[in-house]
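Novice: Structure for the following, please:
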Amino acid sequence: MDKICFIVGLYGSEVNGGAEKHCKMLAENVSKTFHVEVLTSTTNNYITFAPYYSEGTEIINNVTVRRFKTDAYNSIKFSYLYNRSRIGRKIRRFIYKIGLLKACASLFPKWDISLKAETNMLKAHGLYSPDLIDYVFRNQNEYRAIFMISYPCPNFYFINKLVPDKTILIPTAHKEGDFFRSYLTHIFTTVKHIAFNSVAERELCYQIFGKQMATNSILAVGTELSEPKSKSYIQAKFDLPERYILYFGRIAEEKIGNLIRWFTEYKRDISDDVKLVLTGGLFMEKSDHPDIFYTGFVSEPEKTALIQHAELVINPSDRESLSLLLLEAMQLGKPSLVNGKSEVLKQHCIDSDFASQYYLSKSDFLEKLESALNSSPTEKYNTSNKAIKYVKENYSWDTIRERFKILTES
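Specialist: Modelled structure (predicted):
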């Protein structure tokens, strides 16, 4: 049995986030075909990077997890180096905005503007781990393939320089300022392969890295849901309202955007007893609005039940490469509302014949939220059937495992 490894910033049952869950699902689902290892950090917190797990090796659901210490994190130093390294990013983003970056990148695939400053920034990041990088270099021959999940991880630039013939990048890319940094041109053009989550994500990367981007394909990930807890159980444990809309994932400003503000405006203007339930780790100031509920971190059976009994599931993020949140809601046939400024989310809506709806502005959000919450039983039935069909036809694990096997063995 061939051995492969996944490298990801955080990993564990106590970690919630799209890329981290993506890694865990992939690793566990291919562990019957490959000997799977995960190389990761000891933290479970993207803000403080404080150690949570012990260094060393453990087995989680048939996957060998190796945890490595990271260099001490100094937020002041990182912020200073982050700001000092933004020139290259600004130049590349400006060229993108005027529609010329794809052409320029096709002619000049590797950019060195601010590269030294950017690598200094990477070394100051809270997930930077010389021990992990050294381990990969010393043990590279043990692995048939090395999968690097989520492009912001600071270790990838250094790992790819050492073993470019084995690295397969799963970028989980979305359009944001840091995606225009010069050092990424040295990754996206030299890895062995790039495995994207969606066509929209791949097209975004072509626009930024040009025609000399590494060979690539669509891999994605399957959906899987645990058997749900009962409605009475989750209502009692989380003191849930009878009617609620649900967001789950990291509760951070860059993920939920205007959701809280726009929802409270909806409540102010519309007579509706619906509440907003936010599920996951809290990385921003907590709202004290009486119609907003926080559950904290939940188990997988609890999460399934929360989705199952929600009036609507919402993904307000404009930074998505796939959105497990949306796909899990659709698998259960739930109506959903997503941020159309994410091309990936918008494409899910179109491809599913609008089993999910997207919004592009505050007025659009308010109108579609009211419409979704007041849709007829027939409309709900038709939407549910379309959503279930879309996930079954495009995101089954049998399909994903076959793609993964071909990719790894090629």
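
Novice: how far away is the closest residue to residue 238 other than its chain neighbours from residue 231?
Specialist: Excluding the flanking residues, the one nearest residue 238 by CB to CB, 6 or more residues apart in numbering is residue 295, at 4.7 Å. To be clear about C-beta, it is placed using only N, CA and C from the backbone, and glycine gets the same treatment. Note on residue 295: its distance to residue 231, by CB to CB, to the nearest Å, is 14 Å.

Novice: For the stretch 51-200 of the chain, just list every one of the strands.
Specialist: 56-60, 63-67, 145-149, 167-170, 193-196 (DSSP state E, counting those that start in this stretch).

Novice: want to throw these into a markdown table with mean pLDDT?
Specialist: What follows is the strands of the stretch 51-200 of the chain, written out as a markdown table (pLDDT from 0 to 100):
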| stretch | mean pLDDT |
| --- | --- |
| strand 56-60 | 97 |
| strand 63-67 | 98 |
| strand 145-149 | 98 |
| strand 167-170 | 98 |
| strand 193-196 | 98 |
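
Novice: Mean neighbour count and distance to residue 265 added to those, as TSV?
Specialist: TSV is the format used below for those (neighbours: other CB atoms under 10 Å; distance: least, CB to CB, whole Å):
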stretch	mean neighbour count	distance to residue 265
strand 56-60	11	43
strand 63-67	20	44
strand 145-149	25	37
strand 167-170	25	37
strand 193-196	23	36
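
Novice: one step back: so the residue nearest to residue 238 sits right up against residue 281, yeah?
Specialist: No - the pair formed by residue 295 and residue 281 falls short of the contact definition of CB atoms under 8 Å, at 10.8 Å.

Novice: Need the residues that contact whichever strand or helix holds residue 302.
Specialist: Counting by DSSP states H and E, the element that carries residue 302 is helix 300-308. With CB atoms under 8 Å, 6 or more residues apart in numbering as the contact definition, helix 300-308 has outside contacts at 225-231, 233-234, 237-238, 246, 248, 277, 279, 295, 298, 313, 328-329, 332, 334.

Novice: From those residues, keep the buried residues only.
Specialist: Buried residues within the contacts of helix 300-308, counting neighbours by 16 or more other CB atoms under 10 Å: 225, 228-229, 234, 238, 246, 248, 277, 279, 295, 298, 313, 328-329, 332, 334.

Novice: Among the residues you listed, name the ones in strands.
Specialist: With strands taken from DSSP state E, the overlap with the buried ones among the contacts of helix 300-308 comprises 246, 248, 277, 279, 295, 313.

Novice: Output these as JSON lines; include the columns pLDDT and distance to residue 38.
Specialist: Conversion of these to JSON lines gives the following (pLDDT from 0 to 100; distance: CB to CB, whole Å):
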{"residue": "246", "pLDDT": "98", "distance to residue 38": "29"}
{"residue": "248", "pLDDT": "92", "distance to residue 38": "23"}
{"residue": "277", "pLDDT": "98", "distance to residue 38": "31"}
{"residue": "279", "pLDDT": "96", "distance to residue 38": "24"}
{"residue": "295", "pLDDT": "97", "distance to residue 38": "27"}
{"residue": "313", "pLDDT": "98", "distance to residue 38": "28"}
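
Novice: ok, those residues vs residue 134, which is closest?
Specialist: Within those, proximity to residue 134 (CB to CB) peaks at residue 248, which comes in at 36.5 Å.

Novice: which residues does the closest one bridge with?
Specialist: Beta bridges link residue 248 to residue 279, judged by DSSP bridges.
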